[in-house]
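Asker: sharing a model that was predicted from the sequence below.
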Amino acid sequence: MRKKVCLINTGGTIGMARTEYGYAPRKGFIRSILSQMNELKSEEIPAFDLIEYDPLLDSSNIAVKEWIKIAQDIKEKYEEYDGFVILHGTDTMAYTASALSFMLEELTKPVILTGSQIPLCEVRNDARDNLITALMIAGYYKVPEVCLFFGNELYRGNRATKVSSDELIAFDSPNYPPLAEAGVRIKLNEKVIKEPGKVLRLSELQSHNIAVLKIFPGIQFEIYEKILSADLKGIIFEAFGAGNIPESNGALKRILERAEKNGTVIVVCTQCLRGSALIGEYEASLSFAQAGAVSGYDMTIEAAVAKLYYLLSKGYDINMVKKLMATDLRGEMTLIKATKAT
């Protein structure tokens with residue numbers, strides 16, 4: 001029996017048209033392109049309905065409001081389809097994938113984000129294979145997760161990150177293996193795919209004031225003290241290595257003390273593409289430990305941001321938010337223990 005997929009076009013390079021000013025979104029353009037693709041009429045491809053957002057958005061403009069809309073559309077049409085494919089710009093695709101992974105609780109069907117580096121309108125493009133394979137996986141394969149498909153690999157959405165702006169292999173999953181690989185055949189890595197949930201629940205996000213601060217050599221923490229107001233609900237530090245920070249003559253300590261006093265959740269992630277941030281692994285992370293910061297382990301920054309939004313939106317108190325930030329909820333992190341004394 002031919003399966004049925006809901007195809008949601010939010011915008012992005014994949015469906016853009018060529019104009020005198022460069023590639024740009026054009027209403028209805030992708031529908032006309034898809035109608036000309038004979039391979040989409042094959043019985044091997046699931047039937048699909050196209051939903052096109054208006055206006056179409058560059059992914060740099062997609063944030064909490066748009067994440068909620070996508071999740072609501074999936075929830076509303078959930079029983080009508082075997083899976084969902086979301087066409088999305090690459091710049092923030094991993095953020096959207098991470099957000100949806102937390103919002104769509106007890107997921108039982110594939111939700112796959114994809115896009116391209118070259119639009120469908122070009123003779124040579126990566127869009128065709130990304131679209132066709134994403135449709136096939138969403139319709140015919142048992143992957144009850146929010147995923148990101150790009151460059152012949154299917155990643156867990158909250159484990160993916162963009163690694164190139166101009167290569168066709170634009171994404172990677174540095175700390176978790178692909179859920180599937182699309183070579184001559186599509187091969188699922190069933191051992192790393194999550195079990196299906198029971199009944200889908202939608203947990204909508206709310207906008208909260210959070211910040212991401214990347215540590216760099218010579219950073220002057222005094223500059224950032226003013227952002228530590230009572231309105232700042234969470235701050236994610238991108239630290240060196242396993243969560244290390246430079247000496248700061250007490251400036252960082254003052255920031256962390258103010259954050260703790262204001263009830264701001266402090267999360268520590270690593271700048272490294274691979275590996276974990278683990279508070280207490282080295283003495284250089286002692287300030288974080290003393291301030292009650294939470295280890296982000298091997299979460300991507302995209303996943304950490306989305307997860308923080310999600311937990312703050314649940315209305316939990318700070319202790320519960322901190323506990324759950326350090327708990328694996330959707331396969332977004334690998335938990336490890338510190339091996340060295342502080």
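Answerer: Here it is on my side, so go on.
Asker: just give me the neighbour total for the residue lying closest to residue 243 once chain neighbours are set aside.
Answerer: Spatial nearest neighbour of residue 243, chain neighbours left out: residue 277 (4.0 Å); criterion: Cβ to Cβ, 6 or more residues apart in numbering. All C-beta atoms are positioned from the backbone trio N, CA, C, and that covers glycine. Residues lying near residue 277 (other Cβ atoms under 10 Å) number 29.
Asker: got the phi/psi numbers for residue 277?
Answerer: phi -90, psi 120 (degrees, to the nearest 10).
Asker: next one: residue 91
Answerer: Residue torsions, per degrees, to the nearest 10, at residue 91 are phi -60, psi -40.
Asker: thought it was touching residue 162?
Answerer: Yes. Contact criterion Cβ atoms under 8 Å: residue 91 and residue 162 qualify, at 7.0 Å.
Asker: and the spatially closest residue to residue 105 that is not a sequence neighbour, how far from residue 103?
Answerer: Counting by Cβ to Cβ, 6+ apart, residue 105 lies nearest to residue 201, which is 4.2 Å off, once chain neighbours are set aside. Using Cβ to Cβ, to the nearest Å, residue 201 is found at 9 Å from residue 103.
Asker: shouldn't residue 267 be in contact with residue 293?
Answerer: Yes. Residue 267 lies in contact with residue 293 (Cβ under 8 Å); the separation is 6.9 Å.
Asker: find the nearest non-adjacent residue to residue 206, please.
Answerer: residue 313 (4.3 Å).
Asker: no, scratch that, I was asking about residue 102
Answerer: In space, residue 102 is closest to residue 310, 3.9 Å off (Cβ to Cβ, 6+ apart).
Asker: then residue 118?
Answerer: residue 125 (4.0 Å).
Asker: count of neighbours near the one you found?
Answerer: 18.
Asker: that one and residue 116 touch, don't they?
Answerer: Yes. Checked against Cβ under 8 Å, the pair residue 125 and residue 116 is within contact range at 6.2 Å.
Asker: any shared contact partners between those two?
Answerer: Counting by Cβ atoms under 8 Å, 6 or more residues apart in numbering, residue 125 and residue 116 have no contacts in common.
Asker: for residue 186, grab phi and psi.
Answerer: Dihedral angles (degrees, to the nearest 10) for residue 186: phi -90, psi 120.
Asker: list the contacts for it?
Answerer: Contacts of residue 186 by Cβ under 8 Å, 6+ apart are 133, 136-137, 141, 180.
Asker: any idea what it is bridged to?
Answerer: Beta bridges link residue 186 to residue 182 when assigned by DSSP bridges.
Asker: same question, residue 113
Answerer: With DSSP bridges as the rule, residue 113 is bridged to residue 86, residue 148.
Asker: what sits against it?
Answerer: Here residue 113 is in contact with 85-86, 88, 93, 96-97, 100, 146-149, 157 (Cβ under 8 Å, 6+ apart).
Asker: again, only this time at 7 Å
Answerer: Residues counted as contacts of residue 113 (Cβ atoms under 7 Å, 6 or more residues apart in numbering) are 86, 88, 93, 96-97, 148, 157.
Asker: just curious, which of the residues you listed is nearest to residue 64?
Answerer: Comparing the contacts of residue 113 against residue 64 with Cβ to Cβ places residue 96 closest, at 10.4 Å.
Asker: and the contacts of whatever helix or strand that closest one lives in?
Answerer: Counting by DSSP states H and E, the secondary-structure element that holds residue 96 is helix 93-103. Helix 93-103 is contacted from outside by 59, 62, 67, 70-71, 88, 111, 113, 115, 146, 148, 157-158, 160-162, 202-205, 300, 302-303, 305-307, 309-310, 329-330, using Cβ under 7 Å, 6+ apart.
Asker: now those residues: which count as buried?
Answerer: Using 16 or more other Cβ atoms under 10 Å as the burial test, those include 59, 62, 67, 70-71, 88, 111, 113, 115, 146, 148, 157-158, 160-162, 205, 300, 302-303, 305-307, 309-310, 329-330 as buried.
Asker: hang on, the earlier thing: now do the helix or strand containing the residue nearest to residue 102: distance to the chain's middle.
Answerer: Assigned by DSSP H and E, residue 310 belongs to helix 301-313. Relative to the mean C-alpha coordinate of its chain, helix 301-313 is positioned 10 Å out (Cα atoms, centre = their mean, to the nearest Å).
Asker: what helices and strands are in contact with it?
Answerer: Applying 3 or more Cβ pairs under 7 Å, 6 or more residues apart in numbering; DSSP states H and E, one finds that helix 301-313 makes contact with helix 93-103, strand 210-214, strand 234-239, strand 265-270, helix 318-325.
Asker: residue 170: which of those is closest?
Answerer: helix 93-103 (8.8 Å).
Asker: hmm, who's touching the next helix or strand after the closest one?
Answerer: Later in the chain than helix 93-103, the nearest helix or strand by DSSP H and E is strand 104-105. If you take Cβ under 7 Å, 6+ apart as the criterion, strand 104-105 is touched by 71, 74, 111, 146, 197, 200-203.
Asker: can I get the contacts of residue 113 in a markdown table including distance to residue 167 and pLDDT?
Answerer: Listed next are those as a markdown table, based on distance: Cβ to Cβ, whole Å; pLDDT from 0 to 100:
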| residue | distance to residue 167 | pLDDT |
| --- | --- | --- |
| 86 | 22 | 98 |
| 88 | 18 | 98 |
| 93 | 15 | 98 |
| 96 | 21 | 98 |
| 97 | 19 | 98 |
| 148 | 16 | 98 |
| 157 | 20 | 98 |
